[in-house]
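In: requesting a structural model of the entry that follows:
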Amino acid sequence: MASQISIFETLPVELLEMIFQYLRESPYSLSSLTLACRKFYVLGTPTPYSSIRLTNPASSDKIERTFHQNSWLSSLGLELQVHSRRYLGFHESQPALEPVYLGAAFRGLAQDSWVLGPNEVVFHMEQLEKLHLQGVTIEYLEPEALAPKSTRTKTALKDLAFLNCDVSPGILEMILTFPEGLSHFTMKDPWSHPSGAPDGWEFDNIIHPREYIKKIKKSSSANLEYLDLDLWHAGSQPDFDSLCCLKHLTTFTMMPEFDQMEWDKGDVPDPIPHLPGSLETLELNDFAGMGISFASLAGRVEAGTLPNLRVVKYRKVYGPDGEETEQEREDWGYEVRSLEILGVKLRQDAVHLTPVG
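Out: You can find the predicted model right below:
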C-alpha cells in the first residue's frame, strides 16, 4: 500500500485534481481514498480554502505565505471575496499577493474605490465558482494583458456580485463571455448598505438597468435563476420577463414615466415591473418611501401569469422623522389578505434611516 501511495504522490498536481474531481461524484470512494494519507485528505477536503476573503492586510499576508509555501493549494480556491473599500491598503513595499489559482495579484487602494486593472485575470479563473467584488471600477478590459493566461475554455463561475462597483453594460457584456453560465448575479449600489444611507455617487450618474438585462439575456447566462439588481441612480425600471428561468428577484421600486394626460384619466402607472412566470420569490426595495399597491401583482397571480410565486418581501424606507400612518397599516392589511388568498405570503420590513453627519 505504501508503494502505491508513493506512486500517486509523484503524479502532477493537475492529474491528481482530475482524479479527485472524478471521485467526488462517488462520495464513498472519495472518503476511502482520503484516509490513505494526509496529502490525499487535504486534496479531497478543500473546504478550508474554498472561500477566500481578503478583508485586511493581515489576512492577505497569511494567504500569500500559504500559497508561497504550498503553491498547489491555490487551485483549491473556489470562492474569492475582495472587500477593499476602506480596508485593504497595500503599499508598494508590501509583497503582491501571489497566485489565487491563476496568479492574480490584487492591489487594493486606500480610497473608496479601486481600479481592477491587471487583476481582471479573475474573470479567467477556470475553477472559480463564486466571485464578489466591492468598490471596483472597471473602465475597460485589456485582453492583450491576459493573453499568456487566457483560455478558450469557459469558466465554472456561477455566482458573480458587484457591490458598489462601477461597471458599465458594455463591460458586463464582455465579462459574461467568460463563464459557462451564471446562476446568481448581484449588482447593488451604496443605498443597499445596512445603514441605508446612500453615498459615493452623484445624482448626475443616471444609469438604465434595462441595458444590463439586455446584456444578460444575450449571454450564456440567460438562464439565470437568482438576480439582485438594486441600483441607486436608475433612470428606468427594466422588465424581467425575458429571463424565463428566474426564480428569485430582488429589485427596486420606482414610478415609471407616464403621460400627465393618462394620469388625469386615472391610468395610474404600475410600479411593479413585468415578471417571468418562473419567479418564486420577489423582493422589492422602496428606498424612495413612496409606498406602492400590490393590486396589479395580485391580478397577475389570479390570472395565472405568475403560477410559481410564493413569497413577496417589501422593504420600505422611512426618513429619520417618518413613520407608518394608521391608513397605511389598514391598506397593508388588505394587501396581505388579498395575496394570502392566492397562496402568496406578503411580508414588510420597515427601515428607519438615521441622520447622516
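
In: could you list the low-pLDDT ranges of the stretch 51-200 of the chain?
Out: Where the stretch 51-200 of the chain drops to pLDDT under 70, the residues are 51-119, 142-152, 189-200.

In: ok but Leu160 is inside a strand, no?
Out: Yes. Counting by DSSP: H, G, I helix; E, B strand; the rest coil, Leu160 is located in a strand.

In: contacting residues for it?
Out: Leu160 makes contact with Lys130, Leu131, His132, Ile175, Pro179, Leu182, His184, Phe185, Thr186, according to C-beta atoms under 8 Å, 6 or more residues apart in numbering. Any C-beta I mention is one placed from the backbone N, CA and C, and that applies to glycine too.

In: would you mind measuring from the nearest residue to Ser220 once chain neighbours are set aside to Thr155?
Out: Nearest residue to Ser220, sequence neighbours excluded (C-beta to C-beta, 6 or more residues apart in numbering): Gly181, at 4.7 Å. Gly181 is 10 Å from Thr155, where distance means C-beta to C-beta, to the nearest Å.

In: of the two, who's got more company?
Out: Thr155 (18 against 15; other C-beta atoms under 10 Å).

In: so the residue nearest to Ser220 sits against Ser221, correct?
Out: Yes. Here Gly181 reaches Ser221: they are 5.1 Å apart, a contact under C-beta atoms under 8 Å.

In: isn't Glu280 up against Leu309?
Out: Yes. With contact defined as C-beta under 8 Å, Glu280 counts as touching Leu309 (6.4 Å).

In: give me the more crowded residue out of the two.
Out: Ranked by neighbour count (other C-beta under 10 Å), Glu280 and Leu309 place Leu309 first, with 22 against 14.

In: ok, now which ones touch the more buried one?
Out: Counting by C-beta under 8 Å, 6+ apart, Leu309 touches Leu275, Leu279, Glu280, Thr281, Leu282, Val301, Val344.

In: for Met187, see how far away the first one is.
Out: In this view, Leu275 and Met187 are 18 Å apart by C-beta to C-beta.

In: contacts for the host helix or strand of Glu283 next, please.
Out: Under the criterion of DSSP states H and E, Glu283 resides in strand 281-286. If you take C-beta under 8 Å, 6+ apart as the criterion, strand 281-286 is touched by 192, 230, 247-253, 272, 275, 292, 309-317.

In: for the lengthiest helix in the chain, name the packing helices and strands.
Out: If you go by DSSP state H, the chain has its longest helix at helix 326-340. Packed against helix 326-340, as judged by 3 or more C-beta pairs under 8 Å, 6 or more residues apart in numbering; DSSP states H and E, are the following elements: helix 295-303, strand 345-352.

In: how about 10 Å then?
Out: The elements that helix 326-340 packs onto, with contact taken as 3 or more C-beta pairs under 10 Å, 6 or more residues apart in numbering; DSSP states H and E, are helix 295-303, strand 311-318, strand 345-352.

In: quick one: closest of these to His124.
Out: strand 311-318 (35.9 Å; C-beta to C-beta).

In: pull up the pairing partners for the closest one, direction included.
Out: If you go by DSSP bridges, strand 311-318 pairs up with strand 281-286 (parallel), strand 345-352 (parallel).

In: could I get those in CSV, plus columns for mean pLDDT?
Out: Supplementary listing: these in CSV, determined by pLDDT from 0 to 100:
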stretch, mean pLDDT
strand 281-286, 88
strand 345-352, 79
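
In: tell me the most buried of the ones you listed?
Out: strand 281-286 (a mean of 20; mean count of other C-beta atoms under 10 Å).

In: C-alpha coordinates for that one, PDB please?
Out: Provided in PDB are the C-alpha atoms of strand 281-286 (Å, rounded to 0.1, in the frame of the first residue of the first chain):
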ATOM      1  CA  THR A 281     -39.600  34.900  -4.600                       C
ATOM      2  CA  LEU A 282     -39.800  38.600  -5.200                       C
ATOM      3  CA  GLU A 283     -38.100  41.300  -3.000                       C
ATOM      4  CA  LEU A 284     -38.900  44.900  -3.600                       C
ATOM      5  CA  ASN A 285     -36.900  47.800  -2.100                       C
ATOM      6  CA  ASP A 286     -38.800  51.000  -1.800                       C
END
